[in-house]
Structure formats: C-alpha cells, structure tokens
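1. Sequence isn't available, so here's the structure alone:
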C-alpha cells in the first residue's frame, strides 16, 4: 500500500483508472485514456490499475463497478466516478485540478 501512496502523492492531478481486460467498458476506455494522457502531457498523470492484479487495493478503495476512475491531488481523492466517460470530459476534470 505504500507504493500506492507514492503513486498519488503529486502536486499534479493523478487520474487512476481501475479496469480489467475482461470488462468491455474497461477496454473501451483504453484509447480514451491515451488521448487524455497525450492532451494533458506533464500537467497530469494517467495510471491504469488492473483490478485482477491489484485486488487488495481495489477492495481497500471499494471499487465495485468497472471502469472506476479517481482523481487524486497531493495524496487526496478529489473526484471519483464509475462508468465510461469521453476524453473531453476527463480532460476538463483534470484541468480543474492543475
């Protein structure tokens, strides 16, 4: 769990995407997240977390539906939502915390 703290403890916003390759909505988000990462550059981080490989973390954060996305800034969760979103919406959300 200490590695998780290092992931989210940044001055720039960090978008976490909890997914599994067995979930169609999760895999549909992959190109969207690449677009978000490209658009934000070094102003934000986009990190994908496979719940199959990180079940303890997913349980600790009570991730139920997939995909679930969270934005952290300076180690604090500032936004969370489950379900698919478009790149424009995610970019707008991240820009609120830059």
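-> Thanks, I have it. Bear in mind that the values here come from a model prediction, so they are computed numbers and not experimental data.
2. Residue 69 is in contact with residue 16, isn't it?
-> Yes - Residue 69 is within contact range of residue 16, at 6.6 Å (criterion: CB atoms under 8 Å). C-beta coordinates here come from the backbone N, C-alpha and C atoms, glycine included.
3. who touches residue 35 in this structure?
-> residue 87 (CB atoms under 8 Å, 6 or more residues apart in numbering).
4. Quickly list what the spatially most central residue of the chain is bridged to.
-> Centroid-nearest residue in the chain: residue 16, 1.8 Å away (criterion: CA atoms, centre = their mean). Under DSSP bridges, the beta-bridge partners of residue 16 are residue 47, residue 70.
5. which residues does it contact?
-> By CB under 8 Å, 6+ apart, residue 16 lies in contact with 7, 8, 47, 48, 49, 69, 70, 71, 72.
6. what do you get for residue 48?
-> 16, 17, 19, 30, 33 are the contacts of residue 48 under CB under 8 Å, 6+ apart.
7. The last one - how many residues pack around it?
-> Going back to what we said before, that points to residue 33. Residue 33 is flanked by 20 other residues according to other CB atoms under 10 Å.
8. That one: what secondary structure?
-> For residue 33, the secondary-structure state derived from DSSP: H, G, I helix; E, B strand; the rest coil is helix.
9. list the contacts for it?
-> Residues counted as contacts of residue 33 (CB under 8 Å, 6+ apart) are 15, 17, 46, 48, 90.
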